[in-house]
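Engineer: I'd like to go over a predicted model; first the sequence, then the structure.
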Amino acid sequence: MAFRDLRNPFFFLLLALATSPVVLAGDPDITSDFVLPPNTNAVDGSFFTFTGMRSLLDSSPPTNFTVLKATMAEFPALGGQSVSYAVLTFPAGSVNPPHTHPRAAELLFLIDGYLEVGFVDTANKLYTQTLQPGDLFVFPKGLVHYQYCNRKNPAIAISAFGSASAGTVSVPKAVFTTGIDDGILAKSFKTDAATVDKIKGGLA
């Protein structure tokens, strides 16, 4: 290494980047066994129990695709535990539209029925699979993915996430219902404003 390199500010920038630890986004580690709600000093077993899934056993099958979630928002005991859960119910012919989970991968376990699933990686390659009962499929963190019940019978699946708050960004809603200018969307999709308005009307 030449002495002149030490006087170059870019040398120190490159050195800092080369020696910095890799930072992985995710739930922060906690220094206690669990996280209590604000202004709470003690809890009992009920704090660690979520009863919101009982409705699955007491209700008729839904007529539209539905998601029943147990995230930190619904189940505060998950705070700091880096895990959450969802039950996905698919009537025949229904779809869980393309979406992402920015803070976690999703591990889907198909309990009943058949699903066509897929995700797109950062090289725009599509990976698809037809799942049958008992199959598991992983959707990598942050990638666009979907599930489609393409049979005449309904399907039900359980999804686990490596975050207490994985987040969900619906691609159709994020693009067409958040106020992005019609002209920008028309240019982006190489279409016209009338088509964009029609799509927005269908999502309203």
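Structural biologist: Sure, I can see it. Numbers count the residues shown, from 1 in each chain.
Engineer: Take stretch 44-63, keep the C-alpha atoms, and write them as CSV.
Structural biologist: Extracted in CSV, the C-alpha atoms of stretch 44-63 (Å, rounded to 0.1, in the frame of the first residue of the first chain):
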residue,chain,number,x,y,z
ASP,A,44,-50.8,-14.4,33.2
GLY,A,45,-51.2,-17.2,30.7
SER,A,46,-54.0,-15.4,28.9
PHE,A,47,-51.5,-12.9,27.6
PHE,A,48,-49.8,-15.7,25.6
THR,A,49,-53.0,-17.1,24.2
PHE,A,50,-54.7,-16.0,21.0
THR,A,51,-58.3,-17.1,20.5
GLY,A,52,-58.9,-15.3,17.2
MET,A,53,-58.6,-18.5,15.2
ARG,A,54,-61.6,-20.1,16.9
SER,A,55,-63.9,-18.5,14.4
LEU,A,56,-62.5,-20.8,11.7
LEU,A,57,-64.2,-23.7,13.5
ASP,A,58,-67.5,-22.0,14.0
SER,A,59,-68.2,-20.3,10.7
SER,A,60,-69.3,-21.3,7.2
PRO,A,61,-66.7,-21.4,4.5
PRO,A,62,-66.1,-17.9,3.1
THR,A,63,-67.3,-16.9,-0.4
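Engineer: what's the residue closest to the geometric middle of the chain?
Structural biologist: His101 (2.3 Å; C-alpha atoms, centre = their mean).
Engineer: How many residues are close by the nearest residue to that one once chain neighbours are set aside?
Structural biologist: Among residues not flanking His101 along the chain, Ala166 sits closest, at 4.2 Å (C-beta to C-beta, 6 or more residues apart in numbering). Where you see a C-beta, it was placed from the backbone N, CA and C, and this is true even at glycine. Neighbour count of Ala166, defined by other C-beta atoms under 10 Å: 24.
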